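**Q** curious how this folds, go ahead:
(one chain, ligands or ions: 1)
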Amino acid sequence: VEVPEKETKKGKNIPKIKNIIAIASGKGGVGKSTVASNLSIALVKMGFKVGLLDADIYGPSIPTMFDAVNEKPISKENKIEPIESYGVKLLSLGFFAGSNQAVVWRGAMASKAIHQLLHDSNWGELDFLLIDLPPGTGDIHLSIVQEVPVTGAVIVSTPQHIALADVKKGLGMFQMPEINVPVLGLIENMAYFTPKELPDNKYYLFGKKGVQKLSESLEIPFLGEIPIIQSIREASDYGRPAVLQDNEIISNIYSNICKKMV
Ligand code: ADP
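**A** Next up, the predicted model:
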């Protein structure tokens, strides 16, 4: 039975997509795309049907992380077919530009592209569509919440003071009346580093538990902390996200975050 499309105040439902979750960050480089890619695969491992839309106009990195840089989605019956990698259905602004090509998306162009990726694509039935947002606050965020009813947002940050200041701005944006998206929680990425030679030592390179403390003071759920792990970085660069490795510690970190999110 087809669910009838219904116009909501905040954008048109995509039939057959149960939850749309925006993955946001205040600053760039805090690991938002790495977290989005690992969470999407962790959700697949839990048995969910998952899509990932890379809406980071400044540097779409999802194609690299999913070893899909040279993929070009095809159109079938006027609908864009997402690429499938590691069980996740993917669409990225990066698929529509050469890999070394600089693309400067004008606001209106980017909004139109996002509209097509959301509504003119064949996502099929999904439990979760994760959207990897650009860092910060801006037009794209506004267009997305106007295009589709976003179920909730997850904010990724390092514990660094200057990153936390931007998390607060991001929170403010989601709470604005015209956006009004519930924040599902905060994730502390690059929380600490443990050298192999000193397994009992944690070095808090970017400050200790800054994100956790912020979530406690603002009474926003804390979804978990992810240490700095070399293989997380290597796995992303290699195009095979870290949760696919046979590493129980990494898998547990991400699956515990997913359990709190769903
Ligand atoms: P953003 O999407 O916020 O710009 P990325 O996901 O591209 O950030 O991450 C920035 C860099 O940090 C990448 O090189 C990535 O591989 C690395 N990285 C992210 N999280 C971790 C982590 N927990 N441990 C090690 N490296 C990480």
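**Q** any figure for the gap between residue 38 and residue 14?
**A** Computed as Cβ to Cβ, to the nearest Å, the residue 38 to residue 14 distance reads 24 Å. Backbone N, C-alpha and C define where each C-beta goes, glycine included.
**Q** and if you look at residue 196?
**A** Applying Cβ to Cβ, the value for residue 196 to residue 14 is 45 Å.
**Q** neighbour count winner among the two?
**A** residue 14 (20 against 6; other Cβ atoms under 10 Å).
**Q** what sits against the more buried one?
**A** The neighbours of residue 14, taking Cβ atoms under 8 Å, 6 or more residues apart in numbering as the test, are 20, 118, 119, 123, 129, 148.
**Q** is it true that the fourth one lies in a strand?
**A** Read it as residue 123. No. When classified by DSSP: H, G, I helix; E, B strand; the rest coil, residue 123 is found to be coil rather than part of a strand.
**Q** what is the burial count for it?
**A** Using other Cβ under 10 Å as the criterion, the residues surrounding residue 123 number 22.
**Q** do I have it right that it meets residue 84?
**A** No. Here residue 123 lies out of contact with residue 84, judged by Cβ atoms under 8 Å, at a distance of 11.2 Å.
**Q** and the nearest residue to residue 123 once chain neighbours are set aside, how many neighbours?
**A** Spatial nearest neighbour of residue 123, excluding adjacent residues (Cβ to Cβ, 6 or more residues apart in numbering): residue 51 at 5.2 Å. When neighbours are defined as other Cβ under 10 Å, residue 51 has 24 of them.
**Q** what about residue 51, distance to residue 153?
**A** Applying Cβ to Cβ to residue 51 and residue 153 gives a distance of 17 Å.
**Q** ok, residue 140 next?
**A** Applying Cβ to Cβ to residue 140 and residue 153 gives a distance of 13 Å.
**Q** if we can go back for a sec, closest to residue 253 among the contacts of residue 14?
**A** Comparing the contacts of residue 14 against residue 253 with Cβ to Cβ places residue 129 closest, at 22.5 Å.
**Q** how about the closest one, secondary structure?
**A** strand.
**Q** who does it bridge with?
**A** For residue 129, the beta-bridge partners are residue 20, residue 51 (DSSP bridges).
**Q** right, and it touches residue 17 too?
**A** Yes. Here residue 129 reaches residue 17: they are 5.1 Å apart, a contact under Cβ under 8 Å.
**Q** who has more neighbours out of these two?
**A** Counting neighbours by other Cβ under 10 Å for residue 129 and for residue 17 shows that residue 129 has the greater number, 25 against 21.
**Q** now for the more buried one: which residues touch it?
**A** Residue 129 makes contacts with 14, 17, 19, 20, 21, 50, 51, 52, 53, 123, as judged by Cβ under 8 Å, 6+ apart.
**Q** which positions in the protein make contact with the ligand?
**A** 25, 28-34, 61, 189-190, 226, 228-229, 232-233, 236 (Cβ under 6 Å from any ligand atom).
**Q** ok, of these, which come out buried?
**A** Among those, those scoring as buried are 25, 30-34, 61, 189-190, 226, 228-229, 232, 236 (criterion: 16 or more other Cβ atoms under 10 Å).
**Q** would CSV of these with secondary structure be doable?
**A** Converted to CSV, these look like this (three-state DSSP):
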residue, secondary structure
25, strand
30, coil
31, coil
32, helix
33, helix
34, helix
61, coil
189, strand
190, coil
226, strand
228, coil
229, coil
232, helix
236, helix
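**Q** of those, which is the nearest to residue 73?
**A** Looking across those and measuring by Cβ to Cβ, the closest to residue 73 is residue 61, at 17.0 Å.
**Q** pLDDT value on the closest one, please?
**A** Model confidence at residue 61, given as pLDDT, is 93.
**Q** correct me, but it touches residue 31?
**A** No. Using Cβ under 8 Å, residue 61 and residue 31 do not qualify as a contacting pair, with a distance of 10.8 Å.
**Q** can you give me the distance of residue 171 to residue 105?
**A** 25 Å.
**Q** now residue 85
**A** With distances taken as Cβ to Cβ, residue 85 is found 23 Å from residue 105.
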